[in-house]
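Participant: Sharing a model prediction with you, sequence too.
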Amino acid sequence: QKEVEQDPGPLSVPEGAIVSLNCTYSNSAFQYFMWYRQYSRKGPELLMYTYSSGNKEDGRFTAQVDKSSKYISLFIRDSQPSDSATYLCATGAGNQFYFGTGTSLTVIP
Amino acid sequence: NAGVMQNPRHLVRRRGQEARLRCSPMKGHSHVYWYRQLPEEGLKFMVYLQKENIIDESGMPKERFSAEFPKEGPSILRIQQVVRGDSAAYFCASSPGTGPSLLYFGPGTRLTVT
């Protein structure tokens, strides 16, 4: 079983839609949870991180973690064409990090 | 505050040559990770280093690949006798090693083997 599973998509939505991106993880010992955004031919950019269950909001982005079900989500409100990218979830403990394979998102104007 | 620096950004090598990829971590960061990414695939962990020490190289091929992070200077990922299958994007990431364990990535080096 992989440490992190992520639906690869691709996901295509109209501008202004709410986007939901999801991952599951296998190890209840994982302590931190991150979302990265990667534009084509660029390095992954740390978008959001959290260390606990619940929601963390930053502008149009909300990261949600449910440790009881080992579920990680990223919600994007009022999606924009500039949000078109691949989104990677990541989790880990100590100095070990585990990444999902990424979900490709296209926001259509 | 400069981020993670990688150079070169693009590298073309012929089969059998050596490739050297460099990574300078963010200021104050003492932990470096190397990842490989193939088109349409996720990030594959290769190696995790601290200054002068390899902590985890479980993701690195046993042959032709090596990595170092000297006391002074950048971390180096070295690929000897490159083959076409080594063509990929190689990303370096750094972490402070204390406090929140977060990874910050560089822009990557795109290696093309002809």
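Facilitator: That came through fine. Numbers count the residues shown, from 1 in each chain, chains lettered A, B, ... in the order given.

Participant: got a list of what the most centrally placed residue in chain B touches?
Facilitator: Residue closest to the average C-alpha location in chain B (Cα atoms, centre = their mean): B:W34, at 3.6 Å. By Cβ atoms under 8 Å, 6 or more residues apart in numbering or on different chains, the contact list for B:W34 reads B:23, B:46-47, B:49, B:60, B:67, B:75, B:77, B:90-93. Just so you know, the C-beta spots here come from the backbone N, C-alpha and C atoms, and that holds for glycine as well.

Participant: So for B:R20, what's the nearest residue that isn't a sequence neighbour?
Facilitator: B:R78 (5.5 Å; Cβ to Cβ, 6 or more residues apart in numbering or on different chains).

Participant: So in that sheet, which strands flank the helix or strand containing the one you found, and in what orientation?
Facilitator: Per DSSP states H and E: B:R78 is located in strand B:75-79. When sheet partners are counted by DSSP bridges, strand B:75-79 sits next to strand B:19-24 (antiparallel), strand B:65-68 (antiparallel).

Participant: burial of residue 43, as a residue count?
Facilitator: You didn't say which chain, so I picked chain A. Neighbour count for A:G43, taken as other Cβ atoms under 10 Å in any protein chain shown: 21.

Participant: meant chain B, my bad for not saying
Facilitator: 26.

Participant: Equivalent analysis for the one 4 residues further on, please.
Facilitator: Other residues within reach of B:V47 by the criterion other Cβ under 10 Å amount to 22.

Participant: Tell me the secondary structure at it.
Facilitator: Of the three states, B:V47 takes strand under DSSP: H, G, I helix; E, B strand; the rest coil.

Participant: Against A:S73, how distant is it?
Facilitator: Counting by Cβ to Cβ, to the nearest Å, the separation of B:V47 from A:S73 is 31 Å.

Participant: Need the pLDDT of the closest residue to chain A within chain B.
Facilitator: Residue nearest to chain A within chain B (Cβ to the nearest Cβ): B:G42, separated by 3.6 Å. We have a pLDDT of 84 for B:G42.

Participant: for it, what are its contacts?
Facilitator: Here B:G42 is in contact with A:88, A:99-102 (Cβ under 8 Å, 6+ apart).

Participant: Touching the lengthiest strand in chain A from outside, list them.
Facilitator: Using DSSP state E to assign secondary structure, the strand with the most residues in chain A is strand A:85-93. Residues outside strand A:85-93 that contact it (Cβ under 8 Å, 6+ apart): A:3-4, A:6, A:21, A:23, A:25, A:27, A:29-40, A:44, A:47, A:72, A:74, A:97-105, B:42-43, B:101, B:103.
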